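In: Predicted model follows, preceded by the sequence.
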Amino acid sequence: ADTLNVSRITARKALDCLAELGLIRRSRGSGTFITPRLNQSLTRLVSFTELLTQRGFTPSSQWLERKLATPNAEESMRLGLGADAQVARLKRLRLADEVVMAVEDSCLPVSVLPDPQSVETSLYAVLEASGKSMARALQHVTAINADAELAVLAEVPEGQALLKITRLGYLADGTPAELTVTYCRTDYYDFMVELTR
């Protein structure tokens, strides 16, 4: 109010409007903060960590699961795995400046990621360091409504719309190597595709 030479009432109304638009968030006892918002291209393969860092946010993960497991039927089919295969399973909340942006569930063959505990922040950085980078990926984007469990994890009301992104990543030799399902909060995510004619 002092900087802009407006009344406190005007400043408060402006902040109320910004909060209604989702541009800021209020945290009781902590203050008012700019809402992290990602505008992600759908044509470029980029890690969540890299995307957030480029936008000036601090990425982090809250781990729900990091273990070796037996793949389910869909994972075996999509990743071309045999009956006796094992996978690294990673499930986490993806945060930007301590705000939950997405719930992510990844499955990779142990030949690609033998130690799931090695992933602290960026899965793609770990894969790159081991020479197993994703060269390309196919993504399928759909809208879903959050069930009770997903709503709690994403910190949204039950039934709220989320974007479900299913990514199948491939190594340079064409081997399927990553199946990731990410549930993105629609109040924080925008996706952009450039179309040409």
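Out: Okay, I see it. Numbering: from 1, shown residues only.
In: quick one: what helix or strand has Thr53 in it?
Out: Using DSSP states H and E, Thr53 falls within helix 48-54.
In: helices or strands up against that helix?
Out: In this structure, helix 48-54 makes packing contacts with strand 38-41, strand 59-69, strand 99-109, helix 123-129, judged by 3 or more CB pairs under 8 Å, 6 or more residues apart in numbering; DSSP states H and E. For every residue, glycine as well, the C-beta is placed using N, CA and C.
In: And the helices in this structure?
Out: All helices of the chain, identified by DSSP state H, fall at 8-20, 48-54, 73-79, 123-129, 148-154.
In: possible to save those helices as a markdown table with distance to Gln62?
Out: Below are these laid out as a markdown table (distance: least, CB to CB, whole Å):
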| stretch | distance to Gln62 |
| --- | --- |
| helix 8-20 | 25 |
| helix 48-54 | 13 |
| helix 73-79 | 23 |
| helix 123-129 | 15 |
| helix 148-154 | 9 |
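In: Check the gap between the residue positioned nearest the centre of the chain and Ser122 for me.
Out: Nearest residue to the geometric centre of the chain (CA atoms, centre = their mean): Ala102, 4.4 Å. Taking CB to CB, to the nearest Å as the criterion, Ala102 is separated from Ser122 by 14 Å.
In: Kindly report the same for Leu162.
Out: Distance from Leu162 to Ser122, counting by CB to CB: 23 Å.
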